[in-house]
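J.: using only what follows, build the 3D model:
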Amino acid sequence: MTERLAKFIARSGVCSRRNAEELIKQKRVTVNGEIISSPAFNVNGNEKILIDGEKLPSKDITRLWLYHKPTGLVTSHKDDKNRPTVFDNLPAGLPRVISVGRLDLNSEGLLLLTNNGELSRKLELPSNGWIRRYKVRVHGIVNENKLKSLSDGTTIDGINYGPVHAVIESTQGTNTWLVVTLSEGKNREVRKVMKSIGLEVSRLIRLSYGPFQLGSLKRGEVKEVPTKTLKEQLGNKFDL
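T.: Residues are numbered from 1 along each chain as shown. Prediction:
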């Protein structure tokens with residue numbers, strides 16, 4: 001059985017499938033001594049595959065971790081502004097991991113981490129229908145009709161955003177806590193959607209991603225999902 005080279009590289013945990021495709025296009029990957037330039041190249045796993053002359057790590061069992069990301073960290077392995085990153089601040093002992101999606105610099109809460117780049121890509125797809133749930137503090141006067149209208153989807157600066165469901169949890173003066181759910185998760189979606197109805201997000205905490213919950217995890221803490229639970233939640237849907 002064969003699979004695309006980029007997918008095979010991602011499954012080794014070196015990088016995401018998208019980054020693997022870029023490495024291939026940059027002619028940094030060889031298969032049995034031959035430089036490969038097309039991500040569509042197929043392999044069966046028995047070949048000698050090198051990136052920049054280095055062997056791929058042997059494929060490990062797929063693992064998934066829950067991480068409580070604090071504010072002030074960038075969800076990136078490298079940052080061109082030299083800001084502190086999530087991956088520079090993980091507890092010692094973790095293997096190389098890739099995030100499932102991102103949380104921006106000023107957002108906090110649940111971030112999924114995995115050693116399988118292909119799984120990361122699959123878990124990000126909107127077609128999974130996985131609900132992301134957030135606790136969001138907004139500043140401004142909340143118009144409940146405008147808030148409810150977000151459940152019909154909205155278009156901002158030519159970009160279409162899917163349904164966003166927001167429920168008021170509590171209000172104090174001009175600050176309101178909302179519970180927000182969505183299933184797409186475009187870049188800075190919650191902040192942009194709230195701004196479109198006159199609300200400024202002052203705090204954003206992701207509480208859950210699909211079946212996985214932040215729970216009582218403390219800031220900066222990492223907890224591995226047991227293999228049995230991982231297979232129960234993902235085994236029928238994803239190739240683990």
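
J.: could you measure the most centrally placed residue in the chain against Tyr67, distance?
T.: The C-alpha lying nearest the average C-alpha coordinate of the chain belongs to Gly101 (Cα atoms, centre = their mean; 1.4 Å). Here the criterion is Cβ to Cβ, to the nearest Å. By it, Gly101 lies 12 Å from Tyr67. No exception for glycine: its C-beta is placed from N, CA and C like everyone else's.

J.: shared neighbours, those two?
T.: Shared contacts of Gly101 and Tyr67 (Cβ atoms under 8 Å, 6 or more residues apart in numbering): 111-112.

J.: and for the closest residue to the residue nearest to the centre of the chain other than its chain neighbours, the neighbour number?
T.: Distance criterion Cβ to Cβ, 6 or more residues apart in numbering; nearest residue to Gly101, sequence neighbours excluded, is Glu124 at 5.1 Å. Using other Cβ atoms under 10 Å, Glu124 has 17 neighbouring residues.

J.: now swap in Val29 and tell me
T.: Count around Val29 with other Cβ under 10 Å applied: 24.

J.: and this protein, what are its domains?
T.: The chain is divided into the following domains under automatic domain parsing: 3-55, 64-127+211-234, 131-209.

J.: mind putting those domains in a markdown table, mean pLDDT included?
T.: Shown next, in a markdown table, are the domains of the chain (pLDDT from 0 to 100):
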| stretch | mean pLDDT |
| --- | --- |
| domain 3-55 | 88 |
| domain 64-127+211-234 | 92 |
| domain 131-209 | 95 |
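
J.: hmm, back to that, any idea how far the residue nearest to the centre of the chain is from Leu113?
T.: The spacing between Gly101 and Leu113, counted by Cβ to Cβ, is 11 Å.

J.: start to end distance for stretch 69-83?
T.: 15 Å (Cα to Cα, to the nearest Å).

J.: which residue ranges of this protein form helices?
T.: Along the chain, the segments classed as helices by DSSP state H run 5-11, 17-25, 117-124, 144-149, 189-196, 227-234.

J.: closest to Phe41 out of the ones you listed?
T.: helix 5-11 (4.6 Å; Cβ to Cβ).

J.: specify the beta-bridge partners of the nearest residue to Glu169 once chain neighbours are set aside.
T.: Leaving aside its sequence neighbours, Glu169 sits nearest to Trp177 (Cβ to Cβ, 6+ apart; 4.3 Å). Trp177 has the following beta-bridge partners by DSSP bridges: Arg137, Ser170.
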